[in-house]
Structure formats: structure tokens, C-alpha cells
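> Starting from these lines, generate the structure:
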Amino acid sequence: MQGFFEVELSQHSPLLHYQGMQSGAFLSDAALKAAVDEQMDNLLDGNRKKITYSLYSQLSGNIERELYENRMGKNKLYFGDTGIKNQSIKTYMIYTHKPIKLFISDYHYDEVGSSFQDCFVENLKSALAFNNFGKRGNKGFGCFWLNNEETLENYLKNLQIPLYKFSVKLNRNTNVWTLYKGCYDQIDLVYKRLKSGINIPKKFYTNSLLFQYLNSQGLQWDKKSLKDIILSGKKYPNPKMYRFRLGYAQEHIYKADKGEHTGQAHKAFTVKYTITEKEKNDTNIKRIPSPIMFKIVYKDINEADILIFVHQWVKSDEYKRLDDIQIIATTDYNMHHYNIKFDMDNFDIEDFLNFALITNWKTGLPTTSKDPNAKKLCNIKISKV
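Take a look at the predicted model:
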């Protein structure tokens, strides 16, 4: 079967482009086609794919290009090089609020009695639901969805995926970038509260919801193991790493503090982390993306919904490989050098999200803090869809 049809998309959040300085930089047709092909299991069979087709996009409006640092300020939700020292590698946010047309043509589809258009649209929905595009996609950059189809929220509900959401609302807003800054500020706070906790000295502290969850399961928080070993000299024969199931950080700074270990303030120290396969010196796993997905759904210039769910890759063989790796924590502290091996361990991420976002969201949040971040967190109302 051969033919031609169109599909219309909307962009729901800015794209952090890999080559944002280039004229016309936008959503890559090749990246989108690759995502759809993956959903269709349309991989190479010998020298050809089982389904062949052409895909290209066309914008109906202008592209807005904004420097990340200008719009996001000190928000470090994007941790890459924002290009302060080098104009050529500055990170740009790319956005258009006008419809995007996809043109699909020259397709060859061998299955008798089936519609390639229907097949393509269903797999496009899946590709857009479980992928954001550009850099830092799992934190809500580069969200797209189909026009004139069911909403993304309804699509995910029909898949019976545990789904959570909260809304970002602004009064009398006139600038879409102000709305997006509000969205990313709140995503940043939610993610930090989930994974690492928030510590703004003398202003605001709340511990990690992952810590609370592990404690409820009788599991040892890896940061506690690390501090016990370094600050108190405790022996753990087989410490476990849980935190990096939510994304791998290559280093972490532990601030000076008065704490439970000696009763006196300890010095700040930095821990660097590397990944290795068990019984080996290296691995080709260089990063662990967070399996928790944030999707921004634009409603109007005053409001957007933030959807939160677990990415389907946690059921993949790639994710299962994490069971066979070790994390080596390295630091020099108090005239001693430490290489501490953590076995990567697992936990039920869907159960954790329900524990964190519904059952215990308010637990540990200060009610009297004047810090604006504390107020924002207290005002975020997350519901299960």
C-alpha cells in the first residue's frame, strides 16, 4: 500500500536543542521517526526495514529561541554546559506555539487488510507519550502531542499506567516563558524532594521522600551508609545503592554539618561516583536516566498541567542490567582515602511514587518557613489521575 497523509502536532514545552545556534533548529524529523520506528518494532531486517516511509515536518509559525540562562536563571534543572564561557555552545530553548504538520508519504506496508495510517498514528502517540525530545527530556523539556486526538492524560489513563498530576497556574500572565519558568521551578523542587531532599542552609530543609520510603521498607538509605562509613568508621559488608535508580549523579557534595556521628560539626566533603560491572573494572553504562517522567501539558498562557509517571523502560532488558553493576564512591576525608563499593539494588518505583506523591507528600514539609521554595512545595497539590 502506498499513499500520503498528514498529522498535526502541538509543542507543549520548550526543546533544549543540541545545536540551538543553527538556523531552523527544531524537532528533528530523524529523531521523531526513530522513536516511532522503535514503537513499531520497525528495525532493520537485513538491509531493509519491514515498513518504509518518509516523514518530514513543517512549521506554521515562527521559532522562538531563548537562552536557557536568561529564562531559567539559577535553576539547575538542566545541568549541562549553559555556555557561559563560550557563545558557540550556549544552550538554547526552542519553542513555537503554532501547529506543526507532519507529512507521511511513500510508505510501503505489506500487511493485508490493515491501515498504515492507523498504525502510524497509534505508534506516534506511544512515541510522544514516552519520549520528550532534545536534552533533559525526562524533566519535561521537549513535550509534543497530537492535535485533534485524545488528550495525553486520557491516553495514559487508558494504558492503565499509574499517573499523577499537579497544575501550575499564574494570574494575568502575558508571557509564555514566565509560565514555563514556573513549570520548571516546580518540577525541579518536586524531583529534588523525591530523590535527594532539599537543604538550603538556615532557611529550608526537608529530607528525601526516597529516604522515607526506604526507611518504611526497612532498607538502609545509601547516603546514611556512606556517612556512617566515612564519619564514624562503621563497617558495612555489602552496602546498597538505591538513589541512582532515579538517575546517576557523578558526584555529590556533602555539606559541613552538626550531626549524629560525633556530636560535632564535620567538614564538608565531595564524593565522586563511577559505575562498574561486578567483578570487572569498567562498564559501557555511562549514565542512568531517571525512570520518572515529567510531561508538561500546555493549557493556556496562564496554566499548564504537569503529569508524572514511570517510564516503560523499567520493564526493559536495559533496565535489568542495572542489577549487575556496582557504584564506587571515592573521596578523601580527614587524611584517609575511601573507595566504597555499593551494589545497585532495586525497589518498586511505582509503589514509591504513590507513597511519595500521595501518602506522604506533606510529611516533613515545614509549615512556618518563609523560604519561597518551602511555600511552593507546600502549595503543590498532587493528585492521582
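> alpha carbons only for contacts and neighbour counts from here, please
OK.
> Give the residue spans of this protein that score low on pLDDT.
Residue ranges of the chain with pLDDT under 70: 1-2, 20-21, 43-49, 76-89, 108-114, 257-265, 280-284.
> contact partners of the helix ranked longest in it?
The residue-count maximum for a helix in the chain (DSSP state H) belongs to helix 176-195. Contacts to helix 176-195, defined as Cα atoms under 8 Å, 6 or more residues apart in numbering, come from residues 13-14, 71-72, 75-77, 139-140, 168-170, 173, 198, 206-211, 243, 246, 294, 296, 301-304, 306, 356, 373, 376-377.
> In strands only, show me those residues.
Counting by DSSP state E, the contacts of helix 176-195 place 168-169, 198, 206, 294, 296, 303-304, 306 in strands.
> Between the residues you listed, which sits nearest E251?
Nearest to E251 among the ones in strands among the contacts of helix 176-195 is I198, at 16.5 Å by Cα to Cα.
> in the sheet, who's paired with that closest one?
T206 (DSSP bridges).
> in the protein, which residue is closest to the centre?
Nearest to the geometric centre of the chain sits N138, at 2.5 Å (Cα atoms, centre = their mean).
> measure that residue to K295 for me?
To K295, N138 is 8 Å away according to Cα to Cα, to the nearest Å.
> before we move on, what about P99?
18 Å.
> These two: which has the busier surroundings?
K295 (28 against 16; other Cα atoms under 10 Å).
> Just to check, that one is in contact with A304?
No: with contacts counted by Cα atoms under 8 Å, K295 stays clear of A304, the gap being 10.0 Å.
> which residues are common contacts for the two?
Residues touching both K295 and A304 (Cα under 8 Å, 6+ apart): there are none.
> contacting residues for F5?
Applying Cα under 8 Å, 6+ apart, we find F5 in contact with 103-105, 117.
> Among these, name the buried ones.
104-105, 117 (16 or more other Cα atoms under 10 Å).
> Relative to Q250, which of these is nearest.
Once Cα to Cα is applied, the member of the buried ones among the contacts of F5 that ends up nearest Q250 is I104, at 41.4 Å.
> Enumerate every residue touching that closest one.
By Cα under 8 Å, 6+ apart, the neighbours of I104 are 4-6, 53-56.
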